[in-house]
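Chemist: my questions concern the predicted model and sequence given below.
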Amino acid sequence: MSITKERFTFLNKFIESPAQVGSITPSSKFLVNKMFENVSWDNLDTIVELGAGTGVFTSHLSKHKKVSTKAVIIEKDNQMRRNLETAYPSLTFGSDAERLDLLLHKLNIPRVDCIVSGLPFANFPLELRKNIMKAISKSLKPDGLFIAFQYSLQMKSMLKQYFDHVEVGFELRNIPPAFVYTCAKKKEGN
């Protein structure tokens, strides 16, 4: 998909459903690089992307992952998901972040190494945020990483309920500028 078409698609989806899309334009290459700077591709056997949109992060992870790495891409919007399925036929797709743990069970993937997220948590009702965070927590390995970007610090306190370590970075060269949360999963039994 061309950059112009990608931006047009994103803008249309934002106008149709701002609570689900969260921005008027796809993430910048700077934000993509910031999101993946702590990912150890050589040690990554499984990765999940939540809220794939037009596939900015999907493209990056597809290029950098090992051939053997299993990638599961979650996108709720049917049109965007179909476009991604066509562009990345070797990846696995789903539609519901809230039921991620159930999808992984069906795919015979017990837990994953890393989950990256472009979901606009600030736009979601509290109950949905909690349900997605529970699914993320159930789906990550004990030493797994959750990496998400947001346009505010609103999620920081909730993330601290689910993760032992929450590091916040910032990427100014994105429209709008974004906070990047890199979170280490709580160890089993905590």
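Modeler: Sure thing, it's come through.

Chemist: which one's the longest strand in the chain?
Modeler: The residue-count maximum for a strand in the chain (DSSP state E) belongs to strand 140-150.

Chemist: contacts for the helix or strand following that one?
Modeler: Proceeding N to C from strand 140-150, the next assigned helix or strand is helix 156-162, under DSSP states H and E. Helix 156-162 has contacts (CB atoms under 8 Å, 6 or more residues apart in numbering) with 129-130, 133, 136-137, 146, 148, 166, 168, 181, 183, 185-186. Placement of C-beta: from N, CA and C, glycine included.

Chemist: which of those tops the neighbour count?
Modeler: Ile136 (27 neighbours; other CB atoms under 10 Å).

Chemist: what about that one, is that helix, strand or coil?
Modeler: Counting by DSSP: H, G, I helix; E, B strand; the rest coil, the backbone at Ile136 sits in helix.

Chemist: list the contacts of it.
Modeler: Ile136 makes contacts with Leu50, Ala97, Leu100, Ile115, Ser117, Phe146, Tyr162, as judged by CB under 8 Å, 6+ apart.

Chemist: and the residue nearest to the spatial centre of the chain, what's its pLDDT?
Modeler: Centroid check for the chain by CA atoms, centre = their mean gives Ser117 as the closest residue, at 1.8 Å. pLDDT for Ser117: 97.

Chemist: same question for the one 4 residues further on.
Modeler: On pLDDT, Phe121 comes in at 95.

Chemist: and for it, the neighbour number?
Modeler: Using other CB under 10 Å, Phe121 has 23 other residues around it.

Chemist: and the pLDDT at the nearest residue to Asp143 once chain neighbours are set aside?
Modeler: The shortest distance from Asp143 to any non-neighbouring residue, by CB to CB, 6 or more residues apart in numbering, is to Lys185 (6.7 Å). pLDDT recorded at Lys185 is 75.

Chemist: please compute how far the helix or strand Cys183 falls within lies from its chain's middle.
Modeler: Element membership for Cys183 (DSSP H and E) is strand 178-185. On the basis of CA atoms, centre = their mean, to the nearest Å, strand 178-185 sits 11 Å off its chain's mean C-alpha point.

Chemist: hang on, the earlier thing: state the pair within the contacts of helix 156-162 that is farthest apart.
Modeler: Greatest spacing in the contacts of helix 156-162, by CB to CB: Lys130 and Val168 (20.4 Å).

Chemist: let me see the ranges of the strands in this structure.
Modeler: Ranges of strands in the chain, per DSSP E, are 46-50, 70-74, 92-94, 112-117, 140-150, 163-171, 178-185.

Chemist: got a list of what the nearest residue to Tyr181 once chain neighbours are set aside touches?
Modeler: Counting by CB to CB, 6+ apart, the nearest residue to Tyr181 once its immediate chain neighbours are dropped is Ala148, at 4.9 Å. Ala148 makes contact with Leu50, Val116, Ser117, Gly118, Leu119, Phe121, Met155, Leu159, Val180, Tyr181, Cys183 under the criterion CB under 8 Å, 6+ apart.
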